[in-house]
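Undergrad: sequence plus predicted model, see below.
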Amino acid sequence: MPVRVRSRYWSNSGAFVKILVVDVGGTNIKVLASGQRTPVKIPSGPRMTPQVMVRAVREVAKDWAYEAVSIGFPGPVRRGRPVREPWNLGKGWVKFDFKKAFGRPVRIINDAAMQALGSYAGRNMLFLGLGTGLGSAMVREGVLVPLEVAHLPYKHGLTYEEYLGEAGMNEQGHHHWRREVARVTKLFIDAFEVDYVVLGGGNSKRLRKLPPLTRLGDNALAFKGGFRLWDTPA
């Protein structure tokens, strides 16, 4: 779903839209709404089905006013729907009717793409999420382009995710992992012709020195991306 980044979120009638943002993760589900200051965390895990998620989110947001919902999903999303069950959560996400469950319009996007959308500061940007796996997305001249580079072959028969994900970091050691992050970042800057790279995800904080043309992201920017998701009609 192409999304052009603006700065405010309006309905077709011209009224400001209040949005509930749900960032779904394997450890926690984080929730924030327009006008609220502090996100709420809901523990997740392998028993977290979409039905359980909706009930928990609606409970913590019962006193919040919102007219639309943005969901950051930990897996590939096409045409606004998950296309693969997440490996670290319960089942049932692909065919679940989120709009009916929330009783509001819902937009779903890959979680890395949502953080990329919130991290964008103009021109052409690549986002790399250094976490358990490797998330990726690009924003070109204000238009979001979801990517799935994690499972592409890199070298020695291994993928980019197997080098830059948490398992690869632990196997190589932090020194070699940081070197691979710098190499892959330069490779992607050249390949995608971007002006800068935002390095997000929990393991980005383990980088002692940032590679050229990069800056650190912040997981909180996923909420900004969720708000920005309603900048434009689907």
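TA: Received it, and whenever you're ready, just let me know what you need.
Undergrad: all contacts plus neighbour counts: C-alpha atoms, from now on.
TA: OK.
Undergrad: what residues sit buried inside stretch 93-109?
TA: Neighbour-count burial for stretch 93-109 flags Trp93, Phe98, Val106, Arg107, Ile108, Ile109 (criterion: 16 or more other CA atoms under 10 Å).
Undergrad: possible to save those residues as a markdown table with secondary structure and distance to Lys41?
TA: Converted to a markdown table, the buried residues of stretch 93-109 look like this (DSSP: H, G, I helix; E, B strand; the rest coil; distance: CA to CA, whole Å):
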| residue | secondary structure | distance to Lys41 |
| --- | --- | --- |
| Trp93 | coil | 20 |
| Phe98 | helix | 20 |
| Val106 | strand | 20 |
| Arg107 | strand | 20 |
| Ile108 | strand | 19 |
| Ile109 | strand | 19 |
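Undergrad: so Leu213 sits against Tyr196, correct?
TA: Yes. With contacts counted by CA atoms under 8 Å, Leu213 reaches Tyr196, the gap being 4.9 Å.
Undergrad: who's more crowded, the two?
TA: Counted by other CA atoms under 10 Å, Leu213 and Tyr196 do not tie: Tyr196 has more neighbours, with 20 against 13.
Undergrad: give me phi/psi at that one?
TA: Torsion angles at Tyr196 (phi, psi; degrees, to the nearest 10) stand at phi -160, psi 160.
Undergrad: cool, Thr185 as well?
TA: According to degrees, to the nearest 10, Thr185 has phi -60, psi -50.
Undergrad: list the residues that contact it.
TA: Thr185 makes contact with Val197, Pro211, according to CA atoms under 8 Å, 6 or more residues apart in numbering.
Undergrad: give me phi/psi at the nearest residue to Lys224 once chain neighbours are set aside?
TA: Spatially, and ignoring its direct neighbours in sequence, Lys224 is nearest to Gly118 (4.6 Å; CA to CA, 6 or more residues apart in numbering). Main-chain torsions, Gly118, degrees, to the nearest 10: phi -80, psi -20.
Undergrad: now do the helices in this protein.
TA: 50-60, 98-102, 111-119, 160-164, 166-172, 174-192, 221-228 (DSSP state H).
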